[in-house]
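K.L.:
Please find the sequence and the predicted model below.
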Amino acid sequence: MRLRQHALTFVLPVLLGICTPWSASFAENGITDQKIVLGQSAAFSGPAAQLGIEMHAGAKAYFDEINAQGGVYGRRIEIVTADDKYEPDLAAANTKQFIEKDNVFALFGYVGTPTSNAALPIFTQAKVPFFAPFTGAQSLREPLNREVFNIRASYFDETGHLVEKLVNTGIKNIAVFYQNDAYGKAGLEGVQRALKQMNVQMVETATVERNSLDVAKAVSTILPKRPDAVIEISAYASSAAYIKAMRKAGYTGQFYNVSFVGSQPLADTLGKDGVGIVISQVVPFPWTSSVPVVGEYNKLLTKTGIKNPNFTSLEGFLAAKIFVEGLRRAGKDLTREKLVKALETINIHNYDTGGFDINFSPTNHSGSKFVEMTMITKDAKFLN
């Protein structure tokens, strides 16, 4: 359901030349005295739907908690959501709708590389902040874009860790199964870079189309090479389909995935076939008791009745928490420019999220390099 933001024009104060404290708050789209409106385009249906649903759920849980406490300087935070089905054209259309008609203040928690890339020229031209996209693509990191703030490690960071782990354990016969779009190619580039640094050759690659489960050709391409490990750069539905098809064809090697895959839906979809699958993560383990911010997250989930913690909703929660800190630092007289400058002041020396380090600056909008490995165990659970 869309929320509509209608511009209000206050004529009398202008005619009288009166400048009141509250009148300035209407100078920026998406802001009134009562609320701040954000826009989130993500997959809420289709093969990648759980990514959008969980990212939104974690963020909304935190925003709702802040709203219950009175908001930020008395303003409630609202999110307008739009389903892009993980398709770039829909993401671009949603972004234009958010900016030109819904008049949102900022864009938040987009899911995916191709979808975020489609939005990139639109929000850049409009100078609308684009916070915490669920992607590790370099296109949203280099060159520096003042509107974009990333709270997750890059795909280069993730694939570098994966390749290092593989090679250090003696595995050098590596293939890559990747989604044939900007996301998959970004991950592939990361693997290629990491392999080159370690003087290891990739034995084979194969692709699957975005939002497709047709993996037969990819199986017939990689299986004859008998790699010791396959690194997957795809979403959970196609990754699961590929793993099942490879196992059915007799493959006994190891599978590795990057965080974007959607760890919990991958585990749920695979069932018994998921045991032993390795996934790199860019947020802390959602079930740990040793990281304070994870405890805060789980306490909030219990309070709101959400039963199943997971990596994606934790990322949404962290994104919302850091965004709210930016709003607080920007001050009561909020503008997009003030938000950008405020976010750029957040670093480990002056802000403690509770165990998840964020370092922003005017020359760095990629706030984290955190990566750790997890493995799927029995009953679709995880070990780290």
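P.N.:
Okay, I see it.

K.L.:
and the gap between the most centrally placed residue in the chain and N298?
P.N.:
Geometric centre of the chain, nearest residue: F134, 1.4 Å, by Cα atoms, centre = their mean. For F134, the distance to N298 equals 21 Å [Cβ to Cβ, to the nearest Å]. The way it works is simple: take the backbone N, C-alpha and C, and place the C-beta from them, glycine included.

K.L.:
quick check, A175 in a strand?
P.N.:
Yes: the assignment for A175 by DSSP: H, G, I helix; E, B strand; the rest coil puts it in a strand.

K.L.:
Helices along the stretch 251-384 of the chain, start to end?
P.N.:
According to DSSP state H, counting those that start in this stretch, the stretch 251-384 of the chain carries its helices in the segments 263-270, 292-304, 311-330, 336-343.

K.L.:
and if you look at the stretch 1-150 of the chain?
P.N.:
With DSSP H, counting those that start in this stretch, the ranges of helices along the stretch 1-150 of the chain come out as 11-16, 49-68, 88-96, 113-126.

K.L.:
nearest to P224, of these?
P.N.:
Closest to P224 of the helices of the stretch 1-150 of the chain is helix 113-126 (Cβ to Cβ; 29.7 Å).

K.L.:
Off-centre distance for that closest one?
P.N.:
With Cα atoms, centre = their mean, to the nearest Å as the basis, the distance from the averaged C-alpha position of helix 113-126 to the chain average is 15 Å.

K.L.:
rewinding a little: quick check: the residue nearest to the centre of the chain touching F311?
P.N.:
No: counting by Cβ atoms under 8 Å, F134 stays clear of F311, with 10.7 Å between them.

K.L.:
returning to what we had before: nearest to D379, of the helices of the stretch 1-150 of the chain?
P.N.:
helix 49-68 (17.9 Å).

K.L.:
Can you name every helix or strand that that closest one contacts?
P.N.:
strand 35-42, strand 76-83, helix 263-270, helix 292-304, helix 311-330 (3 or more Cβ pairs under 8 Å, 6 or more residues apart in numbering; DSSP states H and E).

K.L.:
and those as JSON lines, adding mean pLDDT?
P.N.:
Below are the helices and strands packed on helix 49-68 laid out as JSON lines (pLDDT from 0 to 100):
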{"stretch": "strand 35-42", "mean pLDDT": "98"}
{"stretch": "strand 76-83", "mean pLDDT": "99"}
{"stretch": "helix 263-270", "mean pLDDT": "96"}
{"stretch": "helix 292-304", "mean pLDDT": "96"}
{"stretch": "helix 311-330", "mean pLDDT": "99"}
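
K.L.:
Pick the most deeply packed of these.
P.N.:
Across the helices and strands packed on helix 49-68, averaging neighbours per residue (mean count of other Cβ atoms under 10 Å) puts strand 35-42 on top, at a mean of 26.

K.L.:
Domain map for the protein?
P.N.:
As assigned by automatic domain parsing, the chain contains the domains 11-152+291-368, 155-281.

K.L.:
could I get those domains as JSON lines with distance to K378?
P.N.:
Rendered in JSON lines, the data for the domains of the chain read as follows (distance: least, Cβ to Cβ, whole Å):
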{"stretch": "domain 11-152+291-368", "distance to K378": "17"}
{"stretch": "domain 155-281", "distance to K378": "6"}
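
K.L.:
Which of those domains comes out lowest on mean pLDDT?
P.N.:
Ranked by mean pLDDT, the domains of the chain end with domain 11-152+291-368 at the bottom, a mean of 93.

K.L.:
Leaving out chain neighbours, which residue sits closest to K60?
P.N.:
Leaving aside its chain neighbours, K60 sits nearest to I79 (6.5 Å; criterion: Cβ to Cβ, 6 or more residues apart in numbering).

K.L.:
Can you name the residues that contact F260?
P.N.:
Going by Cβ atoms under 8 Å, 6 or more residues apart in numbering, F260 touches 51, 112-113, 134-136, 155, 183, 233, 235.

K.L.:
picking that back up, the helices and strands packed on helix 49-68: which one's closest to L162?
P.N.:
For L162, the closest of the helices and strands packed on helix 49-68 is helix 263-270, at 14.1 Å, according to Cβ to Cβ.
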